[in-house]
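*Asks:* Here is a sequence together with a model predicted from it:
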Amino acid sequence: MHLLAAQAGILQQEGEAIDLGQSPGKIIFASAADSELSAMAGAIDRAGSNDLRLANVLALAHNMSVDLWLEKTVRHADLVVVRLLGGACYWSYGVDELSAAAASGAFKLALLPGDAAPDLALFERSTISKEDWGKLHALFTAGGPDNMDLVLEGFYALGSNQPLTEIKAKPFARFGLWWPEKGMLDADSLANISSQGTTRFSGPHPELVEGEGPLRERAFVPILFYRAALEGAGTATLERLIRELENAGLSPVPMVISTLKEGACIRFAQAVFKRFVPDVILNLTGFALGLDNIDKKQNPFANIDAPIIQLLQAGRAKKLWQQDMQGLSAKDLAMQIVLPEMDGRIGALIVGHKDEALWHQGGQCSLAAYQPDNKGIARAVRLAGNWVRLRQLAPSTRRIGIVLANYPIRDGRIANGVGYDAPQSTLEILKALSGAGYQLAELPEDGNELIEMVQQGPTNADPERGKGGAVLALDDYLALFSAMPEKIRKEVIARWGKPEDDPFCRQDGFHLPVILFGNIAVLLQPARGYDRDIEASYHDPDLVPPHAYLASYLWLREVFAANALIHNGKHGSLEWLPGKAIALDENSYPLALWAEMPHLYPFIVNDPGEGSQAKRRTGAVIIDHLVPPLTRAETYGPLKDLEALLDEYYAASGMDRRRLADLKRRILDFTRDGALDKDIALPANEDEALGKIDNFLCELKEAQIRDGLHVFGCSPTGDMERDLIVALARAPRGEEPGENSLVRALADDFKLGFDPLSAKFGERWNGPKPAELAELSDDIWRSEGDTVERLELLAAKLVSHEESNQNLPAASAVLRTIEQTIRPRLKASGPSEIRALLDALNGKFIAPGPSGAPSRGRLDVLPTG
């Protein structure tokens with residue numbers, strides 16, 4: 001075991017034994033909240049005290065650290081106060097040792113909860129009176145500089161054996177409007193400041209789009225942030241963000257809140273949004289509200305339709321973020337990305353870092369505060385401005401890019417999507433855009449004609465075919481390429497050589513696989529690599545894209561001047577490009593190419609794992625779509641289980657390395673137990689093996705025979721609707737009669753005495769053979785599989801109303817659920833998908849919803865969209 005000395009400007013890591021190196025003091029205050037330590041340091045400075053010591057509980061995670069601190073500093077004190085969020089178990093060893101020392105009379109002890117809720121278990125281990133304990137807790141709960149001064153006064157009174165009879169908490173707003181250098185303001189004052197500082201919002205590319213016309217002059221951008229910023233966490237990030245928004249011609253509305261779950265704070269937010277109707281919202285708070293399950297009165301965003309961009313402040317130093325390819329700690333990932341995205345928040349751009357800015361000599365403690373990431377703030381402001389521009393432009397002037405995947409890289413796989421007819425879906429989207437007032441040229445008759453149009457120009461399989469619908473001059477590309485980060489430029493050149501050597505570059509320009517339909521550009525996504533395994537190139541985290549890939553996105557962004565991008569169907573490769581896993585920096589390819597623009601992504605509803613990758617790395621708004629029409633899929637059951645494990649692995653990436661190791665072992669064991677390792681030819685390296693398994697499943701899913709593919713915006717009809725309903729009703733969904741499996745209910749009605757969901761298809765059938773089932777097929781009824789087949793046939797006839805459900809009580813309950821719930825939700829899915837896409841292109845908030853496989857009982861994912 002090694003021992004570290006605490007030093008100013010160095011973050012100590014959990015689990016290491018450190019010596020805080022503090023001299024004794026009469027008063028000791030410890031907390032895990034940097035904002036509280038900074039607030040107390042401010043009170044110390046105002047009072048001119050020099051005998052109060054501050055300690056960060058996070059620096060005392062190791063038992064030896066606690067022992068050293070107790071021996072050198074704490075045992076000489078008159079009073080020790082500790083604030084703990086999470087109760088005594090959060091810091092059990094420290095609480096035990098402090099309690100034992102206080103019980104022996106070494107000092108007085110006050111253990112206080114870190115939130116507003118009283119914790120009697122902490123009081124019982126304290127040695128001050130309940131009245132004094134309650135007053136200290138009330139002062140901390142009230143917060144603010146005035147109350148911190150009273151806290152300090154109370155500390156010295158208790159240390160001198162004086163009661164806190166004259167000390168009472170002063171009001172400090174739990175919410176309100178705020179402005180740098182002016183503090184808390186009323187709405188009229190903020191409106192006056194905003195009107196004086198705001199210029200006309202012109203957006204990023206006004207000179208590239210003719211006929212846009214003037215936009216609304218004032219675009220309000222509320223900024224939600226915690227009150228802790230005013231109490232000591234620091235406002236530097238906020239001040240920089242406000243200044244950049246004003247410079248961009250946007251009107252910031254900074255909103256202080258204690259929580260978004262408290263009634264008064266919710267009503268305040270609703271009132272502000274009514275006065276300053278937002279075009280986009282920037283959110284610096286964490287956690288989730290569960291917007292899809294709460295009453296409108298409990299939803300601060302209930303009456304607005306603006307998108308909410310989640311901004312990140314890393315809870316560690318900038319240099320650690322720069323060095324870590326994961327991007328954020330597991331704690332920050334959970335609190336600032338995973339939970340907020342459940343409320344439909346998008347973006348996930350880093351704007352600040354918690355750096356230890358100064359050493360507080362009086363408290364003998366290093367104080368940490370959030371410091372702005374200027375480049376990140378600039379990116380966040382550009383993203384906000386681009387959403388505002390999208391929202392304010394008339395549909396006839398909006399320019400939209402639609403990207404079609406090409407995986408594997410063959411002409412026969414152009415515009416493929418998992419369970420998805422991407423060509424026909426693209427045509428349906430184009431029709432919907434035309435109907436909504438977008439400027440489009442003549443459209444192809446169907447998806448096949450669209451693909452024929454694509455194949456008339458360059459493709460990944462034949463980049464020298466035809467002229468291409470757009471040409472990016474080599475000189476223009478070089479100018480745009482030179483503006484990209486140096487690291488990216490060097491990597492691309494080192495891997496792919498000079499731009500003019502790219503297969504898509506000829507006659508001094510990049511001939512891009514683009515089809516222009518008026519203001520809509522349909523682009524075939526260029527390949528990531530030409531001379532490596534073409535399937536692996538989709539998921540390889542280290543393979544940098546070639547020049548043509550960069551040229552295509554740069555053309556869309558800077559020349560075509562797209563206002564939004566649609567990646568149509570699972571999945572493209574942008575979200576898999578090299579860079580940080582989350583909280584991307586300028587050297588991360590997805591951010592460098594597109595993360596500052598509105599990005600929409602129709603994505604199959606049953607794959608939340610890879611959908612999360614797109615959300616977190618490209619800021620995508622996921623518009624989920626239906627699974628394809630299904631027939632019996634039990635043959636693929638084990639493979640679906642393996643896919644679920646892989647989804648869980650990707651969804652958990654970066655949060656818990658021990659859990660990842662367990663998932664990795666389960667995936668590899670599952671693969672070997674099913675003898676799939678021989679089919680896949682797994683390498684010895686486990687990480688490479690996971691990639692091979694993932695690639696294998698992607699390819700295998702495309703080899704599966706389906707009863708058609710889903711078309712975006714179109715609910716299945718006829719036999720496809722019938723078969724899909726039967727598939728959805730096959731899995732049980734609960735304990736109620738209507739939640740039973742339809743085929744299981746039929747087996748019960750006919751008293752067959754077996755479970756069709758766990759049947760052994762090759763086993764001989766020795767049960768009854770009711771005439772109603774026997775007459776459904778002329779085939780020999782010999783096995784359990786034959787029995788299941790007849791139950792499925794009857795289920796299909798019942799769903800399509802070809803047979804009566806009379807005398808089938810168990811099945812009738814399920815059929816009522818089908819008619820009241822499943823069928824209506826299926827019919828609503830197609831229109832809901834188109835409506836959500838058009839709403840997103842109108843710059844509106846898209847409500848969050850669950851994801852998963854509806855065929856495995858997850859009917860809550862319906863309707864999609």
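*Replies:* Yep, it's here.

*Asks:* Look up how far Pro850 lies from Ala729.
*Replies:* 19 Å (C-beta to C-beta, to the nearest Å). C-beta coordinates here come from the backbone N, C-alpha and C atoms, glycine included.

*Asks:* The two: which is more packed in?
*Replies:* Ala729 (28 against 14; other C-beta atoms under 10 Å).

*Asks:* Secondary structure element holding the more buried one?
*Replies:* Ala729 is part of helix 718-730, with elements assigned from DSSP states H and E.

*Asks:* Which neighbouring elements make contact with that helix?
*Replies:* The helices and strands touching helix 718-730, judged by 3 or more C-beta pairs under 8 Å, 6 or more residues apart in numbering; DSSP states H and E, are helix 742-749, helix 784-799, helix 823-841.

*Asks:* same thing but 6 Å
*Replies:* Using 3 or more C-beta pairs under 6 Å, 6 or more residues apart in numbering; DSSP states H and E, the elements in contact with helix 718-730 are helix 784-799.

*Asks:* Pull out the buried positions in the helix it packs on.
*Replies:* 784-792, 794-799 (16 or more other C-beta atoms under 10 Å).

*Asks:* what's in contact with it?
*Replies:* The contact list for helix 784-799 (C-beta atoms under 6 Å, 6 or more residues apart in numbering) reads 722, 725-726, 742-743, 746, 756, 759-761, 763, 765, 773, 776-777, 803, 805.

*Asks:* Can you select the buried ones from those in ChimeraX?
*Replies:* Burial among the contacts of helix 784-799 is assessed by 16+ other C-beta under 10 Å; the matching ChimeraX selection reads:
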select :722,725,726,742,743,746,756,759,765,773,776,803,805
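
*Asks:* So for the helix holding Ala729, mean pLDDT?
*Replies:* On average, the pLDDT along helix 718-730 is 92.

*Asks:* where are the low-confidence patches of the stretch 1-150 of the chain?
*Replies:* Along the stretch 1-150 of the chain, the parts satisfying pLDDT under 70 run over 1-16.

*Asks:* any chance you could map the strands in it?
*Replies:* Taking DSSP state E, counting those that start in this stretch, the strands of the stretch 1-150 of the chain run over residues 3-5, 17-19, 27-31, 52-56, 79-84, 108-113.

*Asks:* Tell me the neighbouring strands of the last one, and mark each as parallel or antiparallel.
*Replies:* Based on DSSP bridges, the strands next to strand 108-113 in the sheet, each with its direction, are strand 79-84 (parallel).

*Asks:* can I see the domain layout of this structure?
*Replies:* 3-159, 175-390, 400-625, 634-694, 718-861 (automatic domain parsing).

*Asks:* Confidence-wise, which of those is weakest overall?
*Replies:* When the domains of the chain are ranked by mean pLDDT, domain 634-694 comes last with a mean of 77.

*Asks:* How far away from the center of its chain is it?
*Replies:* Distance of domain 634-694 from the chain centroid (C-alpha atoms, centre = their mean, to the nearest Å) equals 23 Å.

*Asks:* before we move on, the earlier item: show residues contacting the helix holding Ala729.
*Replies:* Identification of contacts with helix 718-730 by C-beta under 6 Å, 6+ apart yields 629-631, 707-708, 716, 741-743, 795-796, 799-800, 818, 822, 854-855.

*Asks:* Between the two ends of stretch 749-764, how far is it?
*Replies:* 21 Å (C-alpha to C-alpha, to the nearest Å).

*Asks:* neighbours around Met325, how many?
*Replies:* Neighbours around Met325, by other C-beta under 10 Å: 12.

*Asks:* wait, is it part of a strand?
*Replies:* No. Looking at Met325 with DSSP: H, G, I helix; E, B strand; the rest coil, it is coil, so not inside a strand.

*Asks:* From Arg616, how far off is it?
*Replies:* In terms of C-beta to C-beta, Met325 sits 14 Å off from Arg616.

*Asks:* Same question for Thr141.
*Replies:* Distance from Thr141 to Arg616, by C-beta to C-beta: 35 Å.

*Asks:* Looking at these two, which one has more neighbours?
*Replies:* Per other C-beta under 10 Å, whichever of Thr141 and Arg616 has more neighbours is Arg616, with 27 against 19.

*Asks:* quick one: which helix or strand includes that one?
*Replies:* Applying DSSP H and E as the criterion places Arg616 in helix 608-618.
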